[in-house]
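Chemist: the amino acid sequence is not available; the structure is as follows:
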Ligand SMILES: [Zn+2]
């Protein structure tokens, strides 16, 4: 049985998919039995999702009149 520390480290470093089969099975087994690590993984996935969403938003360039809009709103 793997420890919570081992499991959380493996999940958070993203080394999970590269780990040997026995280690992956160990993680899966641990996750089935440990609700703390399940919660940790859920939170990690939520963070990763919002990070991706934030990155997607910033991929679009600001509009051409972005600066003048800011300047206009500052003058008000
Ligand atoms: Zn655990």
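Modeler: Sure thing, it's come through. For clarity, every value in this text was computed on a predicted model and none was experimentally measured.

Chemist: what about residue 27, distance to the ion?
Modeler: 10 Å (C-beta to the ion, to the nearest Å). For glycine as for every other residue, the C-beta is placed from the backbone atoms N, C-alpha and C.

Chemist: okay, and that residue sits in which element?
Modeler: helix 21-33 (DSSP states H and E).

Chemist: next, see if whichever helix or strand comes after that helix gets close to the ion.
Modeler: Tracing the chain C-terminally past helix 21-33 and defining elements by DSSP H and E, one meets helix 35-59 next. Yes. Counting by C-beta under 5 Å from the ion, the ion has neighbours in helix 35-59: 36, 37.

Chemist: low-confidence bits of the chain, can you list those?
Modeler: Along the chain, the model assigns pLDDT under 70 to no residue.

Chemist: 80 instead, please
Modeler: Residue ranges of the chain with pLDDT under 80: 14-17, 58-64, 76.

Chemist: just checking, what packs against the helix holding residue 27?
Modeler: helix 4-12, helix 35-59 (3 or more C-beta pairs under 8 Å, 6 or more residues apart in numbering; DSSP states H and E).
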